[in-house]
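Visitor: here is the input, now give the coordinates:
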Amino acid sequence: MSTVAPLPQDRAGAPMYAVVTGGDSGIGKAVAVALAGGGVDVGITYHEDAEGIEDTAKQIRERGARAAVRRLDLTDLPTSTAVIDELAGELGGVDVLVNCAGTGSSELVMDMDYEKWRQVISVDLDGAFLCSQRAARHMIAAGRGGRIINITSVHEHAPRIGAAPYCAAKAGLGALTKVLALELAEHAITVNSVAPGEISTPMTGQEDVDPRTEPRPGVPLGRPGHAGEVAAVVAFLATPAAGYVTGSSYVVDGGMLLMGPQASQLVRDDGWRTP
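Guide: Model prediction:
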């Protein structure tokens with residue numbers, strides 16, 4: 001076997017297939033629609049929001065792409081991740097996997113039970129591992145390279161009070177991204193993470209909110225982000241133009257992570273210690 005990764009095959013005019021987990025709302029929905037806008041057929045998964053996933057599928061089809069839908073429960077592992085194989089079968093393959101499904105917590109470590117810890121780790125880290133493994137097998141068998149893009153968080157890089165399992169899972173997913181980038185490079189499969197800051201989505205309690213109307217003085221750009229701004233970075237990483245980018249983390253946070261020294265000088269009380 002060659003030890004040098006081949007150049008990605010010229011796919012001009014050939015159909016491309018993507019799978020996006022957590023495609024029923026927020027960043028996952030924006031990513032799925034953005035990929036469809038580029039002519040990619042998209043398989044999408046959801047956990048509970050059947051209405052939301054049907055709206056995503058509708059938007060994909062309106063852009064001239066095919067949509068395939070499956071329910072995915074990432075607390076039922078490893079069995080549930082067989083839907084990656086099902087979607088690959090229905091679409092005709094999988095060239096791009098975007099691990100977007102996730103959950104979180106808002107509870108201090110000393111108040112948290114083990115079940116909550118395991119639930120978040122299962123969904124945010126174990127699920128992404130298993131989905132990546134299944135998708136990579138299809139990419140390797142097809143022999144035309146591929147893309148795995150993990151949606152992490154700024155908490156891949158920095159902690160937050162009350163979010164221990166979320167931070168641990170996202171940091172772990174960031175490290176897994178790098179290991180996969182090394183191991184899959186010989187197959188011309190790139191693996192990167194995209195690390196959003198505060199984005200106006202249902203997960204942050206800002207569904208259908210225009211982020212420009214939400215002032216955030218502590219963020220250099222002064223506002224939350226829009227899901228489409230994250231999707232734009234994901235879409236770039238899925239293109240041939242990003243064929244030499246692997247093992248990297250792309251922070252999409254309006255400058256939030258840059259604020260550590262400045263913010264610490266301006267905190268005047270202990271309110272930050274409470275989730």
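
Visitor: what are the boundaries of the strands in the stretch 51-200 of the chain?
Guide: Counting by DSSP state E, counting those that start in this stretch, one finds strands in the stretch 51-200 of the chain at the ranges 67-71, 96-99, 146-151, 189-196.

Visitor: kindly reformat those strands as a markdown table containing distance to Asp253.
Guide: All C-beta spots, glycine's among them, are computed from the backbone N, C-alpha and C. Shown next, in a markdown table, are the strands of the stretch 51-200 of the chain (distance: least, CB to CB, whole Å):
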| stretch | distance to Asp253 |
| --- | --- |
| strand 67-71 | 30 |
| strand 96-99 | 18 |
| strand 146-151 | 13 |
| strand 189-196 | 7 |
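
Visitor: got CSV for these, with mean pLDDT too?
Guide: Converted to CSV, the strands of the stretch 51-200 of the chain look like this (pLDDT from 0 to 100):
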stretch, mean pLDDT
strand 67-71, 98
strand 96-99, 98
strand 146-151, 98
strand 189-196, 98
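
Visitor: and those strands: which comes nearest Leu182?
Guide: strand 189-196 (8.7 Å; CB to CB).

Visitor: give the pairing partners of that closest one; include direction for each.
Guide: In the sheet containing strand 189-196, its partner strands are strand 146-151 (parallel), strand 249-252 (parallel), by DSSP bridges.

Visitor: by contact count, what packs against the helix or strand just after that strand?
Guide: Per DSSP states H and E, the first helix or strand lying C-terminal to strand 189-196 is helix 227-237. For helix 227-237, the elements it packs on are helix 26-37, strand 146-151, strand 189-196, strand 249-252, judged by 3 or more CB pairs under 8 Å, 6 or more residues apart in numbering; DSSP states H and E.
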